[in-house]
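Visitor: Sequence plus the predicted model coming up.
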Amino acid sequence: MQTREFDLCTATYGTARRHPYDIVLLPWGATEPHNLHLPYLTDCILSHDIAVDAARRAFEEHGVRCMVMPPVTMGSQNPGQRDLCFCIHSRYDTQRAILTDIVASLHHQGFRRLVIVNGHGGNNFKNMLRDLSTTYPDFFIACGEWFKMAPAADYFDQPGDHADEIETSVMMHYHPELVSLNEAGPGEGHGFKIDALRQGKVWMPRNWSYASPVDTGIGNPSLSTAEKGRRFAAAVAAGYAGFLCQFAHVEQQQELYE
């Protein structure tokens with residue numbers, strides 16, 4: 001099945017206006033280096049491609065029709081990342097303004113369900129969604145990180161944090177022409193020394209110039225394969241498809257609760 005009716009990057013108005021859409025998917029990434037072997041827009045590309053696969057499966061398996069929006073490239077960065085050439089830090093207020101404008105437009109057009117498919121760990125939408133839920137109480141908005149939709153440890157030998165075996169393998173599956181694995185650095189990351197920070201009991205942003213001083217990666221990409229990426233992407237898309245089927249049939253807030 002062609003993806004044009006599910007993917008606004010290639011859809012025409014002639015196609016889009018013919019179909020009633022149950023859910024809008026919004027991929028959200030960042031513009032940042034990914035070690036030495038992956039594109040700057042890796043988070044955008046992967047969240048978009050996963051969303052399109054999920055939309056296709058949701059329709060084929062459950063009859064739920066979704067439209068995938070173009071990915072948002074504005075991501076929140078850690079200290080130190082902004083020092084890297086062409087790495088763009090988007091402030092919380094900027095991201096909130098972008099999301100607010102998208103939600104306002106979609107709500108005006110009659111859409112009532114939106115799922116953010118986040119591909120960048122530095123993005124956090126929870127407070128934005130709390131605010132939007134007060135302005136648009138009849139608009140159901142959910143968010144999640146695509147790489148948490150399936151257990152990475154079941155598919156990879158050394159899953160890491162950034163430009164690692166996960167991202168590299170999934171990119172090799174979708175776009176092998178964009179991966180230069182022979183140019184990759186080792187992705188050796190440095191964690192916090194203080195126990196509470198290292199264990200996640202207390203949080204503060206990592207300074208990337210110290211967390212990953214060599215190649216910007218955290219996680220060894222050398223064991224990456226397209227087959228690992230294919231299997232993981234399929235599991236993630238299947239997980240999303242199941243969720244979208246359930247989400248599409250929610251009409252009232254109380255239906256979300258046991």
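Guide: The structure has been received and is ready for your questions.
Visitor: C-alpha from now on. contacts and neighbour counts both.
Guide: OK.
Visitor: tell me which strands and helices the helix or strand where residue 24 lies is in contact with?
Guide: Residue 24 is part of strand 23-28 when elements are defined by DSSP states H and E. Strand 23-28 is packed against helix 42-62, strand 66-68, strand 113-118, with contacts defined by 3 or more CA pairs under 8 Å, 6 or more residues apart in numbering; DSSP states H and E.
Visitor: Now whatever helix or strand comes next after the last one - C-alpha only, PDB.
Guide: In this case it means strand 113-118. Using DSSP H and E, the helix or strand that follows strand 113-118 in sequence is helix 126-135. Extracted in PDB, the C-alpha atoms of helix 126-135 (Å, rounded to 0.1, in the frame of the first residue of the first chain):
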ATOM      1  CA  LYS A 126       4.100  16.800  29.700                       C
ATOM      2  CA  ASN A 127       3.500  20.400  30.900                       C
ATOM      3  CA  MET A 128       2.600  21.500  27.500                       C
ATOM      4  CA  LEU A 129      -0.100  18.800  27.200                       C
ATOM      5  CA  ARG A 130      -1.400  19.700  30.700                       C
ATOM      6  CA  ASP A 131      -1.800  23.400  29.500                       C
ATOM      7  CA  LEU A 132      -3.400  22.400  26.200                       C
ATOM      8  CA  SER A 133      -5.900  20.100  27.900                       C
ATOM      9  CA  THR A 134      -7.400  23.100  29.700                       C
ATOM     10  CA  THR A 135      -7.700  25.100  26.500                       C
END
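Visitor: Walk me through which strands the helix or strand just after helix 126-135 pairs with, and which way each runs.
Guide: Next along the chain after helix 126-135, taking DSSP H and E as the criterion, comes strand 140-145. Sheet pairing of strand 140-145 (DSSP bridges) gives strand 113-118 (parallel).
Visitor: what does the strand it pairs with contact?
Guide: 22-29, 47-48, 51, 139-146, 247-248 (CA atoms under 8 Å, 6 or more residues apart in numbering).
Visitor: Next: stretch 58-76.
Guide: Contacts of stretch 58-76 (CA under 8 Å, 6+ apart): 5-9, 20-31, 41, 44-45, 47-48, 51-52, 55, 88-92, 95, 120, 122-123, 240-242, 244-245, 248.
Visitor: So for stretch 72-79, what gets flagged as buried?
Guide: Neighbour counts over stretch 72-79 (16 or more other CA atoms under 10 Å) mark 72, 73, 74, 75, 76, 77 as buried.
Visitor: next one: stretch 232-247
Guide: 232-241, 244-245, 247.
Visitor: Next, format those as a markdown table and append pLDDT, secondary structure and distance to residue 258.
Guide: A markdown table is the format used below for the buried residues of stretch 232-247 (pLDDT from 0 to 100; DSSP: H, G, I helix; E, B strand; the rest coil; distance: CA to CA, whole Å):
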| residue | pLDDT | secondary structure | distance to residue 258 |
| --- | --- | --- | --- |
| 232 | 98 | helix | 30 |
| 233 | 98 | helix | 30 |
| 234 | 98 | helix | 29 |
| 235 | 98 | helix | 26 |
| 236 | 98 | helix | 25 |
| 237 | 98 | helix | 25 |
| 238 | 98 | helix | 24 |
| 239 | 98 | helix | 21 |
| 240 | 98 | helix | 21 |
| 241 | 98 | helix | 21 |
| 244 | 98 | helix | 18 |
| 245 | 97 | helix | 17 |
| 247 | 97 | helix | 14 |
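Visitor: Please identify which of those residues is nearest to residue 219.
Guide: Compare each of the buried residues of stretch 232-247 with residue 219 using CA to CA and the shortest gap goes to residue 232, at 17.0 Å.
Visitor: before we move on, which element is residue 170 in?
Guide: helix 165-174.
Visitor: I'd like to check the angle between that helix and helix 42-62, please.
Guide: 60 degrees (axes from the mean of the first three to the mean of the last three CA atoms, to 10 degrees).
Visitor: average pLDDT for helix 165-174?
Guide: Averaging pLDDT along helix 165-174 gives 98.
Visitor: now do stretch 197-210
Guide: Averaged over stretch 197-210, pLDDT sits at 96.
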